[in-house]
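>>> pasting the structure only:
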């Protein structure tokens, strides 16, 4: 069935497929862990039961997302041995310890305190329970730090030497970890995780609002989500610009592909908004562009020269069509998030944040936008690095295992079937949980479990929760 396929292409497709499934779970759990810590801290500080109910509501969703992220991540690690053994052999002395540190520090920290966070509040006391929640949140951030150190080193490698058998060996761990692109990638990814979580929380709140369930939990979720969006969205755009300038310095070919610059521009490059890149013809058909704006953005000078892909050998050019469009999807969604945040800010200033159905509809539609933007950003980063596995040092063609195309193709089909069956079921269950509001117990609100009877809490109950 796969005899006529390229084994390396199939291996790349398999890794891309598994990473695409995996990355959405850490992107959500990183932000959600911090959100849980904030909710619990607010409850401890204010005593308002609405924060505790939201904590109990979201911790179950976090546990499921965390579990699916762990399972999908384990599968990826096996592919280093099955499909990419040459890469593992050559880069193992650098990559292996960093991946090991992620398990020994971040994963053990998360796993060690997760049970206390989920089940220990009545057993260990509030202080230790809050500490455990902080440790889980810190573990997710530490995990992102180690993984991005690995990826950043592959993008901008330094601090290594090549030994007599052709392996990359570390000579300066500080330089390996804190390579030129690492700080930008780490901040960019963490902010993306916070945006992803805020959009999901906002969408859940908006879904309930549009059904007339403007209860204290919904009110609080929407306020916190839109507040995070207002703060983080402009920071992410600024960090994206700084990350782009760093990429221009260390991976200029990737930026050429992102911008669609097939030709060099000695007196100022245009910003191509849209068009159809054609790598075979080395041009962008039907380009809609703004003269000299790309030079202004990248060099802060309208007339600054920018090299194009005509300075790069064809075999060293990335797949421009993919990188060009994935970059634009990411940027468009980033500005859409900014627009939603500004809309929410104006509504709040007018006292209409919780009385604006069109804003709530927009928040609901934008719920998945963070996941899509993360995937588009990952595609831009990884496909834009091609044809290199380790930029400038090791080609993807030299990284694969000596394995046949049918073997890779068969495992790819198996992954597709199993992943869609298992993770689709998990995603559907999480969505069902999001459709339910936190249970109101007698000790939380006067009058017993009114929600179960279909009675909406009135102004007196909202006042008891601080609204």
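That came through fine. This structure is a prediction, so every number in the text was calculated from the model and none was measured.

>>> Show me the helices in the stretch 201-350 of the chain, by range?
Secondary structure of the stretch 201-350 of the chain by DSSP state H, counting those that start in this stretch: the helices cover 216-250, 252-259, 293-299, 320-349.

>>> same question for the first one, mean pLDDT?
Confidence over helix 216-250, taken as the mean pLDDT, stands at 92.

>>> Based on its surroundings, how many neighbours for residue 399?
When neighbours are defined as other Cβ atoms under 10 Å, residue 399 has 23 of them. Yep, even glycine has a C-beta here, placed from its N, CA and C like the rest.

>>> who touches it in this structure?
84, 86-87, 90, 389 (Cβ atoms under 8 Å, 6 or more residues apart in numbering).

>>> Mind telling me the two of these farthest from one another?
Maximum pairwise distance in the contacts of residue 399, criterion Cβ to Cβ, is 10.1 Å, between 84 and 90.

>>> quick one, phi psi at residue 404?
The phi/psi pair for residue 404 (degrees, to the nearest 10) reads phi -80, psi 160.

>>> Can you report how many residues lie near it?
14.

>>> among the helices of the stretch 201-350 of the chain, which is nearest residue 406?
Of the helices of the stretch 201-350 of the chain, nearest to residue 406 by Cβ to Cβ is helix 320-349, at 25.6 Å.

>>> Wasn't residue 367 part of a strand?
No. Going by DSSP: H, G, I helix; E, B strand; the rest coil, the assignment for residue 367 is coil, not a strand.

>>> can you tell me how far it sits from residue 434?
For residue 367, the distance to residue 434 equals 9 Å [Cβ to Cβ, to the nearest Å].

>>> and for stretch 324-338, what are the contacting residues?
For stretch 324-338, contacts defined as Cβ under 8 Å, 6+ apart pick out 195, 199, 229, 233-234, 236-237, 240, 257-260, 274-275, 277, 284, 366, 369-370, 372-373, 376-377, 379-380, 383.

>>> and what of stretch 292-308?
By Cβ under 8 Å, 6+ apart, stretch 292-308 touches 241, 244-245, 248, 252, 255-256, 259, 261-272.

>>> Of the residues you listed, keep whichever come out buried.
244, 248, 252, 255-256, 259, 261-263, 265, 268-272 (16 or more other Cβ atoms under 10 Å).

>>> From the contact counts, what lies against the top helix by length along the chain?
Looking across the chain with DSSP state H, the single longest helix is helix 7-46. Identification of packing neighbours for helix 7-46 by 3 or more Cβ pairs under 8 Å, 6 or more residues apart in numbering; DSSP states H and E yields helix 49-82, helix 126-155, helix 182-209, helix 369-385, helix 405-434.

>>> for the fourth one, packing partners?
Pointing back at helix 369-385 there. Judged by 3+ Cβ pairs under 8 Å, 6+ apart, the packing partners of helix 369-385 are helix 7-46, helix 126-155, helix 182-209, helix 252-259, helix 320-349.

>>> same thing with the longest one?
Secondary-structure packing of helix 49-82 (3+ Cβ pairs under 8 Å, 6+ apart): helix 7-46, helix 85-101, helix 108-119, helix 216-250, helix 405-434.

>>> Could you pull out the buried residues of that helix?
Neighbour-count burial for helix 49-82 [16+ other Cβ under 10 Å]: 49-59, 61-62, 64-66, 68-73, 75, 79-80.

>>> Could you do stretch 272-290 as well?
For stretch 272-290, a neighbour-count test (16+ other Cβ under 10 Å) marks 272, 275, 277, 279, 284, 289 as buried.

>>> is it true that residue 429 touches residue 64?
Yes. In this structure, residue 429 is within contact of residue 64 by Cβ atoms under 8 Å, at 7.0 Å.

>>> Need the residues touching each of these two.
Common contacts of residue 429 and residue 64 (Cβ under 8 Å, 6+ apart): none found.

>>> got the contact list for stretch 67-84?
Residues from elsewhere that reach stretch 67-84 (Cβ under 8 Å, 6+ apart): 11, 14-15, 18-19, 21-22, 25-26, 29, 87-88, 99, 107, 389, 399-401, 403, 408, 411, 415, 419, 422-423, 426.

>>> What average pLDDT does it get?
Stretch 67-84 carries an average pLDDT of 80.

>>> on that earlier part again, of all the helices and strands packed on helix 7-46, which lies closest to residue 222?
Residue 222 lies closest to helix 182-209 among those, at 3.7 Å (Cβ to Cβ).

>>> got the angle for that closest one vs helix 7-46?
Counting by axes from the mean of the first three to the mean of the last three Cα atoms, to 10 degrees, helix 182-209 lies at 70 degrees to helix 7-46.

>>> roughly how far is helix 182-209 from the heart of the chain?
Put simply, helix 182-209 sits 8 Å off its chain's centre (Cα atoms, centre = their mean, to the nearest Å).

>>> So for it, mean pLDDT?
The model assigns helix 182-209 a mean pLDDT of 93.

>>> let's have the chain start at 49 instead
Sounds good: first residue 49 from here, last item helix 230-257.

>>> how far off helix 174-203 does that helix point, in degrees?
Going by the same axes, to 10 degrees, helix 230-257 makes 130 degrees with helix 174-203.

>>> What helices and strands are in contact with helix 230-257?
Counting contacts by 3+ Cβ pairs under 8 Å, 6+ apart, helix 230-257 is packed against helix 55-94, helix 174-203, helix 264-298, helix 405-413, helix 417-433, helix 453-482.

>>> Could I get the buried residue list for the fifth one?
Okay, so that is helix 417-433. Within helix 417-433, the residues that count as buried by 16+ other Cβ under 10 Å are 417-433.

>>> neighbours around the residue nearest to residue 164 when sequence neighbours are not counted, how many?
Leaving aside its sequence neighbours, residue 164 sits nearest to residue 180 (Cβ to Cβ, 6 or more residues apart in numbering; 3.8 Å). The local packing of residue 180 (other Cβ under 10 Å) involves 22 other residues.

>>> if I pick residue 180, what's in contact with it?
Contacts for residue 180 (Cβ under 8 Å, 6+ apart) come out as 161, 164-165, 168, 172.

>>> Now that we have those residues, which of them are buried?
So, of these, 161, 164-165, 168 end up buried under the neighbour-count rule (16+ other Cβ under 10 Å).

>>> wait, which of these is closest to residue 255?
Here the nearest of the buried ones among the contacts of residue 180 to residue 255, counting by Cβ to Cβ, is residue 165; it sits at 26.0 Å.

>>> Thought residue 177 was touching that closest one, still the case?
Yes. With contact defined as Cβ under 8 Å, residue 165 counts as touching residue 177 (7.0 Å).

>>> Give the residues shared as contacts by these two.
Counting by Cβ under 8 Å, 6+ apart, residue 165 and residue 177 have no contacts in common.

>>> And the buried residues of stretch 320-338, which is closest to residue 358?
residue 327 (12.0 Å).

>>> Now do the same contact list for that closest one.
If you count contacts by Cβ under 8 Å, 6+ apart, then residue 327 has 365, 367-369 around it.

>>> ditto for residue 337
318-321, 323.

>>> now residue 405
By Cβ under 8 Å, 6+ apart, residue 405 lies in contact with residue 258.

>>> same deal with the one 4 residues further on?
Going by Cβ under 8 Å, 6+ apart, residue 409 touches 254, 258.
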